[in-house]
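Colleague: Below is the sequence, then the predicted model.
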Amino acid sequence: VLAENVVISLEDARSGRVWQATNAQLVLRERSDGVTVSVASDLFNGTDDLSQVLLSLAFDDTTRETELGVRLENVPSNDIALQSPALAWLSVLRSPISGAMRAQLSGNGTLESLNGTLDLEDGVLQPEGLVEPIRFQTARAYFSFDPDRQRLDFDEIGFQSSDFRVTAAGHSYLSGTPDDWAASFVSQFDVTEAIVHTDELFGAPVSIDRAQADLRLTLSPFRLEVANAFAQKEEVAARAVAEITVEEGLWNVDVDASTDTIHGGRVLEFWPTLVAPKTRKWLTERVIDGTLSDVSFGVRFVQGTKPEVSLSFDYHDAIVRYLDDMPVAQDGAGRATIHNREFVIEIEKGWVPSGEGKRVNGAGSVFRVSDIRQKPPQGALSIVAGGQLESVLSVIDHPPLQLMERVGRTTDFATADTRVKASISM
């Protein structure tokens, strides 16, 4: 049986959405074991763009099972998300989708299997209508769904934009009843590729060698929880937990990350340029060498506000230029923190050269910026210098202190072992 120029209206009683298939061609064929139906049509979905759908259905008289196949072109992601709880994760995206899906239905109409290949273009991540969208150029997903286990397996899922590219594989379990359209998805993914192309986010392109993450995605209200993430770039390994929500139309982001050890120069590779930029600039210009350990980093961000940052780490083997004209501190060790907008570096070990192979011990010195957001930032350096008197005086006679020059004395007017404290406001 062939029917042409057919108009079909479909209404989803659950969501209230209406689709209209126009200019459809319907072909019905009888087989010895059942019937097949194919429908090719344009699909009007309430937008200015028409979608194209090719639907095939095969019904087996003996088993009462139905095999359903569909090819899609330019179908809105929201429309596909409405077709099954297993596809509900697409509801957080806004994008036209092309691809194909195949489903097997049992004799009583329950879903037995679902497989799909989906390609998205020029879309956004936008869980709610008022929240600022996160754009991507292309995305793809190759997946299968096992209804008995309520498990989605992703052979590949990936997103790409002008700024980033990420590709992963993994699985998700639907948490809730099989008919729960507001279900959450409990997932585990292995990231096979992650690259940030732009210089704007980290100051230079950044990539990671491998990553893993345990996730829970709740659709309504939107909440993405990262229970355990692991990432590695060469010898640097880090762990993180995070939570991303939408509240009152604004993105809310909480991230806590840690690493056991990292070379001081590599910290800045993974430090976003917009997060505590003045502290980042100070570390870039002043820390010449060193190793950090027991590193903890946290950021709290609400869209439209400046991030709140916390940071702590131990350091050793550090070479630091605290002031432009002062000698460079060597073999430094101690602890640094950012808390409540205050940046503090405590020196538990370290020395500065004073000439003729002599050293001045700087243990106990502290560098402090009381508010890293203040413009310009106000810093204070509390110097503790111990050693031979002439060596100590020669150090504090450098700019900006120039204490001996100010009092009109030379550094060799006396000999003794001494310990000097001085404070410099900047």
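Modeller: Arrived safely, thanks for sending.
Colleague: Which parts of the stretch 201-350 of the chain are strands?
Modeller: Along the stretch 201-350 of the chain, counting by DSSP state E, counting those that start in this stretch, strands occupy 206-208, 210-218, 223-233, 236-247, 250-263, 287-302, 308-320, 329-339, 342-355.
Colleague: Am I right that Glu132 is in a helix?
Modeller: No - under DSSP: H, G, I helix; E, B strand; the rest coil, Glu132 falls outside any helix and is assigned coil.
Colleague: Please enumerate the helices of this protein.
Modeller: Here the chain has its helices, by DSSP state H, at 77-81, 199-202, 264-267, 277-286, 389-396, 403-407.
Colleague: closest one to Tyr315 among these?
Modeller: helix 264-267 (6.9 Å; CB to CB). Heads up, the C-betas are built off the backbone N, CA and C, glycines and all.
Colleague: ok, and what's touching that closest one?
Modeller: Helix 264-267 has contacts (CB atoms under 8 Å, 6 or more residues apart in numbering) with 236, 283, 287, 289-292, 295, 315, 318.
Colleague: Try it again at 10 Å.
Modeller: 233-236, 259, 280, 283-284, 287-292, 295, 297, 311, 313, 315-320 (CB atoms under 10 Å, 6 or more residues apart in numbering).
Colleague: Show me what counts as buried in it.
Modeller: Buried residues in helix 264-267, counted by 16 or more other CB atoms under 10 Å: 264, 266-267.
Colleague: how many neighbours does the closest residue to Ser365 other than its chain neighbours have?
Modeller: Once flanking residues are discounted, Ser365 sits nearest to Ile347: 4.4 Å by CB to CB, 6 or more residues apart in numbering. By other CB atoms under 10 Å, 26 other residues sit near Ile347.
Colleague: Which pLDDT value belongs to Ile347?
Modeller: Here the pLDDT value assigned to Ile347 is 94.
Colleague: Specify the beta-bridge partners of it.
Modeller: Gly334 (DSSP bridges).
Colleague: Tabulate the helices of the chain (a markdown table), appending mean pLDDT and distance to Arg368.
Modeller: Listed next are the helices of the chain as a markdown table, based on pLDDT from 0 to 100; distance: least, CB to CB, whole Å:
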| stretch | mean pLDDT | distance to Arg368 |
| --- | --- | --- |
| helix 77-81 | 91 | 51 |
| helix 199-202 | 76 | 27 |
| helix 264-267 | 83 | 19 |
| helix 277-286 | 84 | 12 |
| helix 389-396 | 80 | 19 |
| helix 403-407 | 75 | 21 |
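Colleague: possible to save those helices as TSV with distance to Ser98?
Modeller: Shown next, in TSV, are the helices of the chain (distance: least, CB to CB, whole Å):
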stretch	distance to Ser98
helix 77-81	11
helix 199-202	30
helix 264-267	41
helix 277-286	41
helix 389-396	70
helix 403-407	74
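Colleague: right, so of the strands of the stretch 201-350 of the chain, which gets closest to Val384?
Modeller: strand 342-355 (8.0 Å).
Colleague: Pull out the buried positions in the closest one.
Modeller: Within strand 342-355, the residues scored as buried using 16+ other CB under 10 Å are 343-347, 350-354.
Colleague: right, and the helices of the chain - which one's nearest Gln188?
Modeller: Proximity to Gln188 (CB to CB) singles out helix 77-81 among those, at 21.9 Å.
Colleague: which other residues reach the closest one?
Modeller: Taking CB under 10 Å, 6+ apart as the rule, helix 77-81 contacts 12, 15, 17, 19, 43, 45-47, 51, 53, 70, 72, 87-97, 99, 101, 116, 118, 120, 123-124, 139, 181, 219.
Colleague: 8 Å instead?
Modeller: Contacts for helix 77-81 (CB under 8 Å, 6+ apart): 17, 19, 45, 51, 72, 87-91, 93-97, 118, 120, 123.
Colleague: okay, and for the stretch 201-350 of the chain, where does confidence drop off?
Modeller: Regions of the stretch 201-350 of the chain meeting the criterion pLDDT under 70 are absent.
Colleague: Next, count neighbours for Asn23.
Modeller: Residues within reach of Asn23, counting by other CB under 10 Å, total 12.
Colleague: now do Thr261
Modeller: When neighbours are counted by other CB under 10 Å, Thr261 registers 15.
Colleague: Now it. Nearest residue, chain neighbours left out?
Modeller: Spatial nearest neighbour of Thr261, excluding adjacent residues (CB to CB, 6+ apart): Ser293 at 4.7 Å.
Colleague: and that neighbour, how far is that from Phe367?
Modeller: Per CB to CB, to the nearest Å, Ser293 is found 19 Å from Phe367.
Colleague: These two: who's more crowded?
Modeller: The neighbour count for Ser293 versus Phe367, taken as other CB under 10 Å, is higher for Phe367 (23 against 12).
Colleague: Report the contact partners of the more buried one.
Modeller: Shown in contact with Phe367 (CB under 8 Å, 6+ apart): 322, 344-345, 347, 379-382.
Colleague: Please apply the same query to Asp155.
Modeller: Asp155 makes contact with 142-144, 169, according to CB under 8 Å, 6+ apart.
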